[in-house]
Each structure stands twice: as C-alpha cells, then as structure tokens.
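Asker: the following comprises the amino acid sequence and a computationally predicted model.
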Amino acid sequence: MDCESIQREIAATVRRTKEDCPFVPSITNSVTMELVANAQLAAGGSAAMVYLPDEGEGVAAAGESFYINLGTVMPFYAETLPRTVRALHEHRRRWVLDPVAIGIGSLRTELLRCFRAMPPAVVRGNASEIIALANLWGLDTGAAKGGVRGVDATDSVGAARPAAEALASFIDGAVAVSGEWDLVTDGTVTVRSEGGSPLFTKITGAGCSLGGVTAVYLAEASPFIAALTAVQAYNLAGTRAQREAKGPGSFRAAFLDALYRAKPGAIAENPFALI
Ligand SMILES: Nc1ncnc2c1ncn2[C@@H]1O[C@H](COP(=O)(O)OP(=O)(O)O)[C@@H](O)[C@H]1O
Ligand SMILES: Cc1ncsc1CCOP(=O)(O)O
Ligand SMILES: [Mg+2]
C-alpha cells in the first residue's frame, strides 16, 4: 500500500459515506453521547444510541456497523454487551471498540476480557488504553505497562506501537492510537497522521466521538482505511477549528463545523506518512 492509493481510498470513503448515510448505532457513555452522535451526523452517518439488551441485539442486526464505548459502565451492561456482541458476530457486522478507562472496576474488566473471543474490527483508544487492552488479552506489548489515569493517557503514542500492532494482527483488523499525533495500523502497515489541536484535550469526548466516526466509516471501508479516514478527518478539522476558537467552548462548535465542511480530497491530503 503506497500513500497515493491510501489517499484515493480515504477520499472515496468520505464521498461514499456522505452519499449513503449509513445507519451506525452505538452503546456509548453518558458523558459524551451527544458529541458522538453529532460527530457521526457531521461525517454523514445516521446515529442511534441504546442501553437495553434487546435493543442492542435489534440495532446490531439493523446497523451497517456498530460502536461500543465502555466509558460509563452500568450494571445492566453485564447483559446488554455480551448479547449485543453475540448478535454482531452472528449477523457478521463489524464494530469499533473504545476501551475507555480500562482498569476501573471488575465489570469493565470482565466485559473487555469477554470481547477477546468475538473481537471488534477496529480498536480505538489513547496510548495507555491500547497498551492495557493488549496486556489484558495477553498479547506482546514490548513490555509496556499502560498507565491509564481515569480516562486519560500517561503513555506516549510511540510507546503503544508494539501493542497496537499486536492487537491489530490478533483481531485481523485495525488499531488507532490517538494523542499529539495519531498512529493507525493493520499490524503490517503503520501510519503516522499529523495535525489536530491541544484543545481536543480540553473538551470531553474528542476520543469517544473519533471512535463513533470510525464506526461510520467502517460501514463503507476496510478497518484500516476506516480508522485512518476518521483520524485524518479529526486532524484536519482540529487544525482548522483551532484557528477560529477562543477556548474549549468555541473550539467544540468550530470543530463540528469543520468536520461537516471537510472535503474528501482535503481529508485525504492531511499530512500522514508510513512509519
Ligand atoms: N496534543 C494534541 N495535539 C493535537 N491533537 C491532539 C492532541 N491530543 C489529542 N489530540 C487529538 O484529539 C483527539 C482525541 O484524542 P485523545 O485526546 O488522545 O483521546 P482520548 O480522549 O480518548 O484520550 C484525536 O483526534 C487526537 O489526534
Ligand atoms: C470523562 C469521562 N468519564 C467517563 S467516560 C468519560 C468521557 C471520556 O471521553 P474521551 O475519552 O473522549 O476524552
Ligand atoms: Mg477516550
């Protein structure tokens, strides 16, 4: 895969998504749910958030891809999430996992452990979450430990590269690691995408909504291209939004506008390199 063919695939993915408006349901956290849905709409998808077991199963079958984010675990997720993931597996629907705050509490850990048997097509997280998930699943992380602090990372993106590549190979899909720069890998090809803004760390839900938008593109593209398209769109829109913003509040609004307005060619041409 060379950069030019990757760029062509990214542009085609953005274009198809706007034409098709794929239905991409989510089970996601109650803190950032609204930003996730708005970002999915801005990218051209159709969003629906559910909580209950039968609703999870129903929309898993009806959706074209799916997003699961473990940010705020509720007791009934012990039933909702295994049933939904089983339905996704049975209906051959691909899904994105964001293992937010991995390490907090026993139910979150138990759920993340159980996903190993029916894995997602894409895992998206910050560096510490990716290292921690690879460790939980017993994969080779190059001895990295993964220092998640609540929902934040304490590891650099580069430190998560072995974990990301091992995870991507294990799931036979793709892994995206976010931070000051972003890494996307399918286990063989690894890319570094530049851009974004430090203001992303001053609003809640930048990472969660990036996962939701990845799921939208997953309805239209391979795991690797879907993950990279979302990362490129965020890095471009974040760069543009920072020029308009006075602080986190105006950044959030400017970011949604920039994501909505970003053209396929500009997303494809946001700076990235094979590493
Ligand atoms: N210092 C930074 N500079 C530029 N972009 C950043 C920076 N930190 C995070 N981002 C961007 O913010 C988005 C969310 O990433 P991140 O904050 O790592 O996720 P999470 O919220 O899950 O920890 C990504 O698009 C990422 O590229
Ligand atoms: C603050 C918080 N607490 C539980 S989930 C959540 C949102 C995390 O969002 P993100 O990972 O996108 O920063
Ligand atoms: Mg996060």
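Answerer: Happy to help now that I have it. Ligands and ions are numbered 1, 2, ... in the order given.

Asker: got the residues of the protein near ligand 2?
Answerer: Applying C-beta under 6 Å from any ligand atom, we find that the chain lies next to ligand 2 at 29, 31-32, 71-72, 100-101, 151, 204-208. In short, each C-beta sits where N, CA and C put it, glycine included.

Asker: skipping adjacent residues, who's closest to whichever residue of the chain sits closest to ligand 2 in space?
Answerer: Using C-beta to the nearest ligand atom, Gly71 is the residue of the chain that sits closest to ligand 2, at 2.8 Å. Leaving aside its chain neighbours, Gly71 sits nearest to Asn29 (2.7 Å; criterion: C-beta to C-beta, 6 or more residues apart in numbering).

Asker: list the buried ones in the host helix or strand of Ala61?
Answerer: Element membership of Ala61 [criterion: DSSP states H and E] is helix 53-62. For helix 53-62, burial by neighbour count (16 or more other C-beta atoms under 10 Å) applies to 53, 55-57, 59-60.

Asker: quick one: pLDDT of the residue nearest to Gly71?
Answerer: Asn29 is assigned a predicted lDDT (pLDDT) of 98.

Asker: can you check Met1 too?
Answerer: On the pLDDT scale, Met1 is placed at 84.

Asker: returning to that earlier point: look up phi and psi at the residue nearest to Gly71.
Answerer: Dihedral angles of Asn29 (phi, psi; degrees, to the nearest 10) stand at phi -80, psi 160.

Asker: quick revisit: tell me the secondary structure for the residue of the chain closest to ligand 2?
Answerer: Using DSSP: H, G, I helix; E, B strand; the rest coil, the structure places Gly71 in coil.

Asker: that one and Thr28 touch, don't they?
Answerer: Yes - between Gly71 and Thr28 there is a contact at 6.8 Å, judged by C-beta atoms under 8 Å.

Asker: where do the helices of this protein begin and end?
Answerer: 3-20, 33-43, 53-62, 77-90, 106-114, 127-136, 161-171, 206-218, 223-244, 248-261, 264-269 (DSSP state H).

Asker: ranking those helices by burial, who's on top?
Answerer: By mean neighbour count, with neighbours taken as mean count of other C-beta atoms under 10 Å, helix 206-218 ranks first of the helices of the chain at a mean of 30.
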